[in-house]
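Asker: Build me a model:
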Amino acid sequence: SKHRLKHLQIFNSKNRKMCEQYCDKFETFNPEVEFAKFQKRKPVVRTAQLYENLHKREDIKCPYSFKGYGVETDSNTMYRTCNSEYGYYAPNAYTIPKRFYPLPQSFSNEVVRFGMYRNFSLNTHMDRTFY
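Answerer: Next comes the predicted model:
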């Protein structure tokens, strides 16, 4: 038992450096250590960079030239609904996506080649009366 304990101590001392690097990746229960790890891997977003990239795009040069949004008109707040918030504000650097991922046109190409699906079955279902 003593021999085994001494062997483990020697083994642990050799591999301690390797183990510390590996174990640092795991979570600890110390909130200060976890917050420091979070600060290291947190992406820093600067508003100036967002607007700089926004003004490089050709389709949006001046965000103040947008017309037709709900902010421009004064409406009675009593009649506002949650659904009316969609399209209420003009786009800005935080709401415009930075990348565009187009979908493949494979379905549309198949429809063009073969046409839409048509159901040629006979409908034998009885209609309900509505009165």
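
Asker: Name the helix or strand of the protein that has the lowest mean pLDDT.
Answerer: Ranked by mean pLDDT, DSSP states H and E, the weakest helix or strand in the chain is helix 2-23, scoring a mean of 53.

Asker: next helix or strand past that one?
Answerer: Past helix 2-23, further along toward the C-terminus, the next helix or strand under DSSP states H and E is helix 31-41.

Asker: For that next one, enumerate the helices and strands it packs against.
Answerer: Contact analysis of helix 31-41 by 3 or more Cβ pairs under 8 Å, 6 or more residues apart in numbering; DSSP states H and E lists no helix or strand as a packing neighbour. Using the backbone N, CA and C atoms, a C-beta is placed for each residue, glycine as well.

Asker: Render the CA-only coordinates of stretch 113-125 in CSV, please.
Answerer: Output in CSV follows, covering the C-alpha atoms of stretch 113-125 (Å, rounded to 0.1, in the frame of the first residue of the first chain):
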residue,chain,number,x,y,z
ARG,A,113,-38.6,20.3,-65.5
PHE,A,114,-41.5,18.1,-64.4
GLY,A,115,-44.3,20.4,-63.3
MET,A,116,-46.2,20.5,-60.0
TYR,A,117,-47.6,17.4,-58.5
ARG,A,118,-51.2,16.7,-59.5
ASN,A,119,-53.6,14.4,-57.6
PHE,A,120,-55.8,12.5,-60.0
SER,A,121,-57.7,10.5,-57.4
LEU,A,122,-61.5,10.7,-57.2
ASN,A,123,-63.0,12.5,-54.3
THR,A,124,-65.7,10.3,-52.8
HIS,A,125,-66.0,12.1,-49.4
